[in-house]
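Colleague: Give the three-dimensional model of this entry:
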Amino acid sequence: MFVIAYYFPRLDAVMNVLILMPFAVPPVVSSVGLLQLYSSSPLMLTGTPWILIGCYFTIALPFIYRALANNMQAINLKELIDAAQLLGASTWQAALWVVLPNLRKGMLIAVLLSFSFLIGEFVFANLLVGNRYETLQVYLFNMRNGSGHFTSALVISYFFVVLLVTWLANALNPERG
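Modeller: Predicted coordinates for the structure are as follows:
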């Protein structure tokens, strides 16, 4: 993404279209396509957590890309790197020591957006790995007919975990308004 933002800024429009492709295809259609693609012999990933990790990455990629691209536009990437190069840094040193610390807010936003979206993703988890590897979403779905008290306690604890992550994100942000 740094390469596109710095060296090829005209490709940003193309990347915006490509990055939104996972949302153009419904999750059920995407799951069936992934099952057919990865059920053949070179890459037998069906029924394993690896297919779910790859699928979650493609879902989270648009959130990560947009958060970091907006942050790169906000920090004036070209000017920062030019200033670092005037002070004797190479392009990659400037990217590592100047740009990366300035992307901290964008990375935090990307992580929180991805976490909040993926924590509720049920269709991919249920269709791709089924009951073999129970994710939290599949477990909650399977417990819906069980004890109401246990399910309620589980949902409340789930809420408190999300609340704790949100509180930690706010506490770790030094520039609260």
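Colleague: Can you give the domain ranges for the protein?
Modeller: Here the chain is described, according to automatic domain parsing, as comprising the domains 2-133, 146-177.
Colleague: Any idea how far apart the tips of the longest one sit?
Modeller: To tie it back to what came earlier, the one meant is domain 2-133. Its start and end residues considered, domain 2-133 measures 36 Å (CA to CA, to the nearest Å).
Colleague: buried set for stretch 87-105?
Modeller: Judged by neighbour count using 16 or more other CB atoms under 10 Å, the buried positions of stretch 87-105 are 89, 94-95, 98-99, 103, 105. For glycine as for every other residue, the C-beta is placed from the backbone atoms N, C-alpha and C.
Colleague: and that stretch, average pLDDT?
Modeller: Stretch 87-105 shows a mean pLDDT of 92 in the predicted model.
Colleague: Likewise for stretch 18-33?
Modeller: Regarding stretch 18-33, the rounded mean pLDDT is 84.
Colleague: wait, isn't L136 in contact with I119?
Modeller: Yes: between L136 and I119 there is a contact under CB atoms under 8 Å: 7.4 Å.
Colleague: Show residues contacting the host helix or strand of I4.
Modeller: In this structure, I4 is located in helix 2-6 according to DSSP states H and E. Residues from elsewhere that reach helix 2-6 (CB atoms under 8 Å, 6 or more residues apart in numbering): 11-12, 15, 69, 72-73, 77-78, 81, 91, 95, 99.
Colleague: Closest to R132 out of these?
Modeller: Looking at the contacts of helix 2-6 and their distance to R132, the nearest is M15, at 35.4 Å (CB to CB).
Colleague: wait, that closest one sits on Y65?
Modeller: Yes: under the criterion of CB under 8 Å, M15 makes contact with Y65 at 7.1 Å.
Colleague: higher neighbour count, these two?
Modeller: Set side by side, M15 and Y65 show unequal neighbour counts under other CB atoms under 10 Å, the larger going to Y65 at 18 against 15.
Colleague: my read: the more buried one touches L20, true?
Modeller: No: when contacts are counted by CB under 8 Å, Y65 is not listed as touching L20 (9.4 Å).
Colleague: Could you pull up the contacting residues of E175?
Modeller: Applying CB under 8 Å, 6+ apart, the residues near E175 are K105.
Colleague: gap between it and Q73?
Modeller: Computed with CB to CB, to the nearest Å, the distance linking E175 and Q73 is 18 Å.
Colleague: can you give me the offset of the helix or strand where A110 lies from its chain's centre?
Modeller: Per DSSP H and E: A110 is located in helix 104-118. Its chain's C-alpha centre lies 7 Å from the corresponding centre of helix 104-118 when counted by CA atoms, centre = their mean, to the nearest Å.
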